[in-house]
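In: let's see this in three dimensions:
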Amino acid sequence: MTKRIIAILIASAVALASAAGLRAQNVAPADIHLPNQEEVNQQIFDKVYSAVKADADRPMPELVVKIARQFLGTQYIWASLETEPEQLQVYLDKTDCILFVELSTCFALTVKGYEIVQAGDGQNFCLRSEPSVRKAEPTYQTLCNNIRNMRYRLGVVDDYTSRIHYTSEWILQNQTNGIVEEFSKEIGEQFDQPFFYMSTHTDTYVQLKNNPDRQARIKSMEEHIAAQTPFFYVSQANLRKPEVISQIHSGDIIAFISPRDGLDLAHVAIACADEKGEMHFIHASYGKKKVVFEAESLADYATNGIRVCRYNPAL
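Out: Presented below is the predicted three-dimensional model:
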């Protein structure tokens with residue numbers, strides 16, 4: 001064997017060993033393509049869309065539940081949106097509770113061929129009987145546009161304060177756009193809901209700490225939401241009453257009241273009855289670190305009570 005052949009064999013062995021070492025360290029050689037987030041999202045979008053597109057004409061609650069089930073097992077991740085500068089972040093392979101409900105809702109709108117059109121001015125909230133949407137191709141880009149219009153005030157991505165942080169404002173903007181209607185008043189009771197947690201805990205938010213201008217905007221936003229009284233909720237005791245729990249339907253959005261002073265809602269889920277008709281829910285579970293069909297009933301889980309939203313039947 002010539003020296004040249006020996007050298008080639010040695011070089012090949014070193015290259016193979018190096019590649020194996022990189023794989024062991026989760027580092028890819030330059031010629032190995034790893035999909036970026038957009039590619040991962042597109043693959044998941046295509047898969048889920050293929051599974052549900054035949055149901056595009058089904059009522060919105062049914063379609064939302066079917067889509068939510070497609071994401072069972074999806075990894076739970078906390079604070080995935082906290083980037084600086086602020087930008088639209090879309091993940092279909094990981095989620096938290098509000099992002100899961102937002103994704104399921106926006107995916108259903110996309111499958112139906114709808115794109116949200118902002119109907120409000122960010123200051124005057126109202127209840128619209130007709131959804132503010134336009135026809136659009138059911139594509140991944142339409143999904144992203146719907147998420148932006150649902151996640152950001154008036155759909156405008158500016159800085160951290162342009163993102164909707166209190167779920168109450170998320171509900172109000174979606175009511176103004178005719179996507180949902182809050183159903184809490186019909187089956188619940190009025191309660192006092194203050195909003196001050198973020199403005200009094202600014203050191204716990206990287207984007208607010210040492211930033212007086214943003215702190216002032218958050219404070220103003222809290223005051224504006226608080227002025228949208230009255231607020232209503234359904235207590236756990238009332239959820240145990242058959243005449244109350246029977247009025248919550250699969251596909252309703254369930255928002256769990258927070259035990260923290262100044263914070264409105266601590267968790268969000270999609271109502272879903274089990275095979276016996278008992279009301280449970282699908283959610284991104286912090287404890288289980290993934291999207292699950294919750295084994296505990298809604299009435300047992302809702303220690304502090306809930307607020308309920310229902311999709312506009314015109315969708």
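
In: which residues sit in contact with the closest residue to Ala51 other than its chain neighbours?
Out: Closest residue in space to Ala51, ignoring its immediate chain neighbours: Gln70 at 5.8 Å, by Cβ to Cβ, 6 or more residues apart in numbering. For the C-beta atoms, the positions are set from N, CA and C on the backbone; glycine is no exception. Counting by Cβ atoms under 8 Å, 6 or more residues apart in numbering, Gln70 touches 47-48, 51-52.

In: where's the residue most central in space within the chain, which helix or strand?
Out: Residue closest to the mean C-alpha point of the chain, counted by Cα atoms, centre = their mean, is Leu99 at 1.6 Å. Using DSSP states H and E, Leu99 maps to helix 97-111.

In: by contact count, what packs against that helix?
Out: Here helix 97-111 touches helix 37-52, helix 60-70, helix 140-151, strand 265-273, strand 279-285, going by 3 or more Cβ pairs under 8 Å, 6 or more residues apart in numbering; DSSP states H and E.

In: now the last one, how far from the centre of its chain.
Out: Relative to its parent chain, strand 279-285 has a centroid offset of 13 Å by Cα atoms, centre = their mean, to the nearest Å.

In: okay, now the sheet partners of it, with direction.
Out: strand 265-273 (antiparallel), strand 290-293 (antiparallel) (DSSP bridges).

In: so where do the helices sit in this structure?
Out: Using DSSP state H, the helices found in the chain span residues 3-24, 37-52, 60-70, 97-111, 140-151, 167-176, 184-187, 212-226, 236-239, 242-245, 298-301.

In: just the buried subset of the contacts of Gln70, please.
Out: Among the contacts of Gln70, those buried by neighbour count (16 or more other Cβ atoms under 10 Å) are 48, 52.

In: export the contacts of Gln70 to CSV and tack on distance to His201?
Out: Shown next, in CSV, are the contacts of Gln70 (distance: Cβ to Cβ, whole Å):
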residue, distance to His201
Lys47, 39
Val48, 36
Ala51, 41
Val52, 40
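
In: got CSV for the contacts of Gln70, with pLDDT and distance to Lys209 too?
Out: Formatted as CSV, the contacts of Gln70 follow (pLDDT from 0 to 100; distance: Cβ to Cβ, whole Å):
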residue, pLDDT, distance to Lys209
Lys47, 98, 40
Val48, 98, 38
Ala51, 98, 43
Val52, 98, 42
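
In: so which of the contacts of Gln70 comes closest to Phe107?
Out: Val48 (6.8 Å; Cβ to Cβ).

In: so the closest one versus Arg148, what's the distance?
Out: Val48 sits 19 Å away from Arg148, going by Cβ to Cβ, to the nearest Å.

In: my guess is Val206 contacts Thr83, does it?
Out: No - Val206 is not in contact with Thr83 according to Cβ atoms under 8 Å; the separation is 10.2 Å.

In: for Asn145, what are its contacts?
Out: Counting by Cβ under 8 Å, 6+ apart, Asn145 touches 115-116, 136.

In: surely Arg163 and Tyr152 touch.
Out: Yes - using Cβ under 8 Å, Arg163 is in contact with Tyr152, at 5.6 Å.

In: now for these two: what residues contact both?
Out: By Cβ under 8 Å, 6+ apart, no residue touches both Arg163 and Tyr152.

In: ok, now which ones touch the nearest residue to His165 once chain neighbours are set aside?
Out: Computed as Cβ to Cβ, 6+ apart, the closest residue to His165 that is not its neighbour in sequence is Met198, at 6.3 Å. Applying Cβ under 8 Å, 6+ apart, we find Met198 in contact with 165-166, 205, 208, 218, 222.

In: which among those residues count as buried?
Out: In the contacts of Met198, burial by neighbour count holds for 165-166, 205, 208, 218, 222, counting by 16+ other Cβ under 10 Å.

In: in JSON lines, list those along with distance to Pro61 and pLDDT.
Out: As requested, the buried ones among the contacts of Met198 are exported to JSON lines (distance: Cβ to Cβ, whole Å; pLDDT from 0 to 100):
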{"residue": "His165", "distance to Pro61": "26", "pLDDT": "98"}
{"residue": "Tyr166", "distance to Pro61": "24", "pLDDT": "98"}
{"residue": "Tyr205", "distance to Pro61": "34", "pLDDT": "96"}
{"residue": "Leu208", "distance to Pro61": "36", "pLDDT": "97"}
{"residue": "Ile218", "distance to Pro61": "33", "pLDDT": "98"}
{"residue": "Glu222", "distance to Pro61": "31", "pLDDT": "98"}
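
In: columns distance to Pro259 on top of those residues, output as a markdown table?
Out: Shown next, in a markdown table, are the buried ones among the contacts of Met198 (distance: Cβ to Cβ, whole Å):
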| residue | distance to Pro259 |
| --- | --- |
| His165 | 18 |
| Tyr166 | 16 |
| Tyr205 | 20 |
| Leu208 | 22 |
| Ile218 | 21 |
| Glu222 | 18 |
